[in-house]
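Chemist: sequence and predicted model, in that order:
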Amino acid sequence: MAKPKRLYQVWKGNNKFFFGGRLIFGPDARSLIVTLLLILIPVVIFCTLVARNLLHEIPAYNAGYAILVVTIVFTIYVLFLLLLTSARDPGIVLRSSRPPEDEFGYESSASVEAGGRLSQSAQLPRTREVFVNGLPVRVKYCETCMVYRPPRCSHCSVCDNCVERFDHHCPWVGQCIGKAMKESPASVVLMVYSFVLLWFVGGLTGFHLYLIGSNQTTYENFRHRVDSRMNVYDRGCTNNFLEVFCTKTEPSRHNFRANVNDDTAEPSKGSTYEAHKRNSDEGRRAKVEEDLEIGNDLLKVSQRRDSEEAGDIRSRGRDTLPQKLSDADFGLGLEPQTSPLRYDDYSSSLDRRNERMRV
C-alpha cells in the first residue's frame, strides 16, 4: 500500500518546505543568506575588534564582558525573529480544488475545464459583496486559488498564494508579510522602541557623519558657527573620511603604569589648593624679580653709555674752548679748573634718555 502524501508534498504554490513541512519559506529563500551575512558580519567585527579590547579597558564591574554578552544575546534574538518571520505561514488562504459552483447552481460536469477553471459560458462573478462592521465590502474571485478572497486579502505573484491581510513580499526574508506577522503585541513595543532610538541614534549618527565629512569636531562646529570662521582643516569629503578612518592612532605620550618616586607623586587632595596657591605666588614673585633684573641691566647699560658720551664731550671741550686761570689759583698750588660749560644738546639728550628710563 502506497504511503499517502502530505499536503506540503502536493502544494501548488511556489513555497519551499523543510523538516517535513514544519518550516515554510518563499521561493527566494536564498536571499535570506544575504540578510544573515549583513547581520552577522558587523557583529563579528564588533566582537573581535572592539568588544574584545573593552574587556580589559573597562575592568570595573566586568563592564567589558557585559557589553560582549549583551551583543551576543541580542544578535541571537534578532536571528530568532528573522527565522520566525521567514519560516512560518504568513496567513495563506486555503486553496480549493473546485470553484464554488454549488453556491451559484452550476453543474460541475459542464462548468469546469481541464485545469480546474470555469468555462467561458459558466464564469463566476468577478466580485461579490460581504459586510464588514455593517458596511458592504467588495471581494474578488481568485481564479488561481478558486476562492473568493477574504477582505484585505491579495494574491502574491511570487509565492503564488492568496495571503490574508497581505502587506508585501519581502525579499530580505524571502517570505510574504501578512496577517500572521502582525499578531504579536511584542512587535508593536519593538517598533516603538526602534522608532525612538532611530531619532536619537540616527540623528546623532547623521550629525557625526557630517562632522567627519567636513573634518570638524563638535566644539569646532559650534565655535565656527558663532564666529563665522572658515574651516581650514577641510580637505574634501573623501580625504576627510580617509583621515578619520584610515589614519593610524598614535600611542600615548604617557606611561601611566610606570613607577614614580614619592617626591614626584601627585599631592594629596587636602593640599591641592595650598600647593596651587603657593606655586602661583612663587610664580608671580619670580616674574617680578626677573623684570627688576632686566630693568637694572638696562639702566646700567644706559648710564654707561651716557658717561662715555659725557667723557667724549668733555675731552673735546678741553681741546677747543679757552681756559681762564687766575694768579691766586697758581699761587695756591691748585690745579687749573675749567670754567663751567653748558652743552644744550648734550643736556637735552640726557634728559630724553632719563625720561625714557623712568618710563
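Modeler: Now that the structure is in, tell me what you want to look at.

Chemist: run a quick neighbour tally on Thr217.
Modeler: By the measure other C-beta atoms under 10 Å, the count of residues near Thr217 is 10. For every residue, glycine as well, the C-beta is placed using N, CA and C.

Chemist: list the contacts for the spatially closest residue to it that is not a sequence neighbour?
Modeler: Closest residue to Thr217 in three dimensions, ignoring its sequence neighbours and counting by C-beta to C-beta, 6 or more residues apart in numbering: Leu211, at 6.8 Å. By C-beta atoms under 8 Å, 6 or more residues apart in numbering, Leu211 lies in contact with 217-218, 221.

Chemist: check contacts around Val93.
Modeler: By C-beta under 8 Å, 6+ apart, the neighbours of Val93 are 145, 147, 149-150, 153, 161-164.

Chemist: any idea how far it is from Lys248?
Modeler: Taking C-beta to C-beta, to the nearest Å as the measure, Val93 falls 60 Å from Lys248.

Chemist: SS state for Ile39?
Modeler: In three-state terms, and counting by DSSP: H, G, I helix; E, B strand; the rest coil, Ile39 is helix.

Chemist: kindly report the same for Phe17.
Modeler: At Phe17 the chain is in strand, as set by three-state DSSP.

Chemist: so it bridges to which residues?
Modeler: Ile24 (DSSP bridges).

Chemist: wait, it sits on Ile24?
Modeler: Yes. Phe17 is within contact range of Ile24, at 5.6 Å (criterion: C-beta atoms under 8 Å).

Chemist: more crowded one of the two?
Modeler: Between Phe17 and Ile24, Ile24 has the larger neighbour count (other C-beta under 10 Å), namely 22 against 16.

Chemist: correct me if wrong: that one contacts Asn14.
Modeler: No. Ile24 is beyond contact range of Asn14, at 11.0 Å (criterion: C-beta under 8 Å).

Chemist: burial count for Asn215?
Modeler: 19.

Chemist: and Tyr219, what helix or strand is that in?
Modeler: Counting by DSSP states H and E, the element that carries Tyr219 is helix 218-227.

Chemist: let me see the contact set for Ala87.
Modeler: 18, 23-25, 175.

Chemist: what's the PyMOL syntax to select whichever of these are buried?
Modeler: To isolate the buried members of the contacts of Ala87 in PyMOL, using 16 or more other C-beta atoms under 10 Å:
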select buried, resi 24+25+175
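
Chemist: out of the contacts of Ala87, which is nearest to Cys237?
Modeler: Comparing these against Cys237 with C-beta to C-beta places Gln175 closest, at 38.9 Å.

Chemist: wait, the closest one sits on Ser86?
Modeler: Yes. Shown here, Gln175 and Ser86 form a contact pair, counting by C-beta under 8 Å, at 4.9 Å.

Chemist: now for the two: what residues contact both?
Modeler: Jointly contacting Gln175 and Ser86 under the rule C-beta under 8 Å, 6+ apart are 25-26, 29.

Chemist: put together CSV for those residues, with distance to Val188 and pLDDT on each row.
Modeler: Formatted as CSV, those follow (distance: C-beta to C-beta, whole Å; pLDDT from 0 to 100):
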residue, distance to Val188, pLDDT
Phe25, 25, 90
Gly26, 24, 88
Ala29, 27, 84
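
Chemist: can you redo those residues as CSV with distance to Gln9?
Modeler: Shown next, in CSV, are these (distance: C-beta to C-beta, whole Å):
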residue, distance to Gln9
Phe25, 15
Gly26, 18
Ala29, 18
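
Chemist: any idea how far Met165 is from Ile92?
Modeler: Actually, residue 165 is Arg. It isn't Met. For Arg165, the distance to Ile92 - C-beta to C-beta - is 12 Å.

Chemist: which residues are in contact with each of those two?
Modeler: Gly178.

Chemist: of these two, who's got more company?
Modeler: Between Arg165 and Ile92, Ile92 has the larger neighbour count (other C-beta under 10 Å), namely 21 against 18.

Chemist: and the pLDDT at that one?
Modeler: With respect to pLDDT, Ile92 scores 89.

Chemist: tell me the contacts of it?
Modeler: Counted by C-beta under 8 Å, 6+ apart, Ile92 has contacts 13, 159, 161-164, 178.

Chemist: adding distance to Asn296 and neighbour count, write the residues you listed out as a markdown table.
Modeler: As requested, these are exported to a markdown table (distance: C-beta to C-beta, whole Å; neighbours: other C-beta atoms under 10 Å):
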| residue | distance to Asn296 | neighbour count |
| --- | --- | --- |
| Gly13 | 104 | 19 |
| Cys159 | 99 | 22 |
| Asn161 | 102 | 27 |
| Cys162 | 104 | 25 |
| Val163 | 99 | 27 |
| Glu164 | 101 | 17 |
| Gly178 | 96 | 25 |
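
Chemist: check those residues and tell me the two furthest apart.
Modeler: Comparing every pair within those by C-beta to C-beta identifies Gly13 and Glu164 as the most remote, at 14.4 Å.

Chemist: my guess is the residue nearest to Thr217 is in a helix, correct?
Modeler: Yes. Per three-state DSSP, Leu211 lies within a helix segment.

Chemist: and it, how far from Asn221?
Modeler: 6 Å.

Chemist: so how far is Met181 from the closest residue in space to Tyr233 that isn't next to it in sequence?
Modeler: In space, and not counting its chain neighbours, Tyr233 is closest to Asn215: 4.6 Å by C-beta to C-beta, 6+ apart. Taken as C-beta to C-beta, the spacing of Asn215 relative to Met181 amounts to 45 Å.

Chemist: before we move on, what about Glu243?
Modeler: 45 Å.

Chemist: same question, Leu204
Modeler: On the measure of C-beta to C-beta, Leu204 and Met181 end up 31 Å apart.
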